[in-house]
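Asker: One predicted model, sequence on top.
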Amino acid sequence: MTDQKQPGLTGNLGVLSLMATVIAFNGPLGILAGYIPIILSQGNGLATPLTFAALMVIVMIFAVGLNAMAARMTHPGAFYTYVTAGLGRAFGLAAGLVAMISYLAIGAGTYALFAVMVKALLGTTFGITGGPPWWVWALAGWAACTALSLFNIEVSARILGVLMLCEVAIIVVWDIVVLHDGGPEGRTFDPFSDFFTAGSFPLAMVFGLLVLTGFESLQVFRSETRNPEKTVPRATYLSIIFLGLLHIVSATCYIIAYGPGKALTAGATDPTGSVLATLTLYVSKFAADAANVLLCTSIFAAALSIQNISTRYFFMFGRDRVLPASLGEVSVKHGSPLRAGVASGLLMLIVWGGFAVFNFDEVITYSLLTGLGTYWLIVLWVATSLSVVFFFRRGRGAESLGPWPSLIAPVISLVTLGAILILATIYLGDVLGGHDTVADGSLVLLAAMIAGGIGLAMWYKRNRPDTYKRIGNQVESVDLS
């Protein structure tokens, strides 16, 4: 039986459902309470809103070439098929392997973060200290997300939509109240003076880019989306704009809430506490307590979104026979990649469980795993930009599109994202929370993953040519030899 006759994934995702997946992936409330104070205090200070604006433009330009290329894909695949189509099967398999491991790392780290937030909620809101070790809370979140990932994608989409609306609502209320109040020093400040001079510009660019991710993998839901040729690009652009504007406004309101004179140091030691304090001051104690609860649901939603993406990479590798074919089978009852979901969930459990077994605390587990995963995603963004250029240079409709989506936008994104990747590599120890030894090891691991993917593809080419031909072969009439 050919792949075309096998049952495929089913779903009826629309623009809003896909946007909910991307927004949940980022966890807006978690970003406000975790990243924005850090970028302000350790990054480029009052220029943080301007940093988000610049990065939103860079990411939008990246999405132009990405969507132009994705429109010529016949099946889901994201990084796996993007790089295969542009650079060939060997590099495509390497990119798919890096992507799969990246999402496993980010997902595993997110469960550790879920444990952090649950413990904080119990302590600050309910006065409960002590309790079970962190891995108990991580296990509870993992079990719930893994169970949900086994059902049809629309089940997850509904849950993600509700949780996303709740956390965005409280952010918007806080934004409105702070802007209306004006803060202790007024609503005006100069964001341009600090752009390159305050703190660490590289850290600001890297951390800022990390909170605008997730949209690049919407193609993995292609076969579960209605009218994907229109729905996926719309969801991509709208997600980037929504997240970018939300971060710009939230960073601005944080500065106003404390005043430019105090905002740079307010969140240096306790980012989350500094945000909750402003919620209490400007809105109410109830709002701060509600935000504490929503921080837990925000991280839970992020974990569910990441697990759904990770599952579909396992499914794609099973479908293409790179991994056992059973991973590419679809549940007849739910139209979901059930076996791939089980495999993805179990590996995430092994990853974060390994940290727990060796007595790493939840904060270190989270910072290392998510830092590594997101750094590797930046590498894939650069590889994808290069792939778009090569893809259209091989005569895939560049003439009908014109130079902007097929050449100019991909080259701009290649240069800008490449520069950010260089900064991320130089300051990788800072991105990983000061763990320079781990940073060095991560580069070795990245090289090993790339070499392993290329080597495996070459082995398939010699020993299992049918499997080799299946690798990322999702593009009509493209020579991938």
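Answerer: Great, that's in hand.
Asker: make it CA atoms for all contacts and neighbour counts henceforth
Answerer: OK.
Asker: can you give me the helices in the stretch 351-481 of the chain?
Answerer: Using DSSP state H, counting those that start in this stretch, the helices of the stretch 351-481 of the chain run over 362-393, 398-401, 403, 409-426, 428-431, 436-463, 465-470.
Asker: Can you lay out these as TSV showing mean neighbour count?
Answerer: TSV is the format used below for the helices of the stretch 351-481 of the chain (neighbours: other Cα atoms under 10 Å):
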stretch	mean neighbour count
helix 362-393	23
helix 398-401	13
helix 403	13
helix 409-426	19
helix 428-431	21
helix 436-463	16
helix 465-470	16
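Asker: Residue 302: which of those is closest?
Answerer: Closest to residue 302 of the helices of the stretch 351-481 of the chain is helix 362-393 (Cα to Cα; 11.9 Å).
Asker: for that closest one, packing partners?
Answerer: Judged by 3 or more Cα pairs under 8 Å, 6 or more residues apart in numbering; DSSP states H and E, the packing partners of helix 362-393 are helix 48-70, helix 79-87, helix 89-124, helix 338-357, helix 409-426.
Asker: low-scoring stretches of the stretch 251-400 of the chain, by residue?
Answerer: Within the stretch 251-400 of the chain, the segments meeting pLDDT under 70 span 395-399.
Asker: ok, now which ones touch the nearest residue in space to residue 366 that is not next to it in sequence?
Answerer: Of all residues beyond its chain neighbours, the one nearest residue 366 is residue 109 (4.2 Å), with distances taken as Cα to Cα, 6 or more residues apart in numbering. Shown in contact with residue 109 (Cα atoms under 8 Å, 6 or more residues apart in numbering): 352, 365-370.
Asker: circling back to that earlier point, and of the helices and strands packed on helix 362-393, who's closest to residue 309?
Answerer: For residue 309, the closest of the helices and strands packed on helix 362-393 is helix 89-124, at 7.5 Å, according to Cα to Cα.
Asker: What does residue 186 show for phi and psi?
Answerer: phi 90, psi 180 (degrees, to the nearest 10).
Asker: Measure how buried it is and give me the count.
Answerer: 15 (other Cα atoms under 10 Å).
Asker: tell me the contacts of it?
Answerer: Per Cα under 8 Å, 6+ apart, neighbours of residue 186: 256, 259.
Asker: Distance of it relative to residue 328?
Answerer: Distance from residue 186 to residue 328, counting by Cα to Cα, to the nearest Å: 57 Å.
Asker: Return the distance of residue 69 relative to residue 196.
Answerer: From residue 69 across to residue 196, the span is 34 Å (Cα to Cα).
Asker: Looking at the two, which is more packed in?
Answerer: Neighbour tally, residue 69 and residue 196, criterion other Cα under 10 Å: the higher count belongs to residue 69, 25 against 15.
Asker: Next, the contact list for that one, please.
Answerer: Listed by Cα under 8 Å, 6+ apart, the contact partners of residue 69 are 82, 388, 391-392.
Asker: related to what we said a few turns ago, could I get the helices of the stretch 351-481 of the chain in TSV, plus columns for distance to residue 32?
Answerer: As requested, the helices of the stretch 351-481 of the chain are exported to TSV (distance: least, Cα to Cα, whole Å):
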stretch	distance to residue 32
helix 362-393	17
helix 398-401	38
helix 403	38
helix 409-426	21
helix 428-431	18
helix 436-463	26
helix 465-470	42
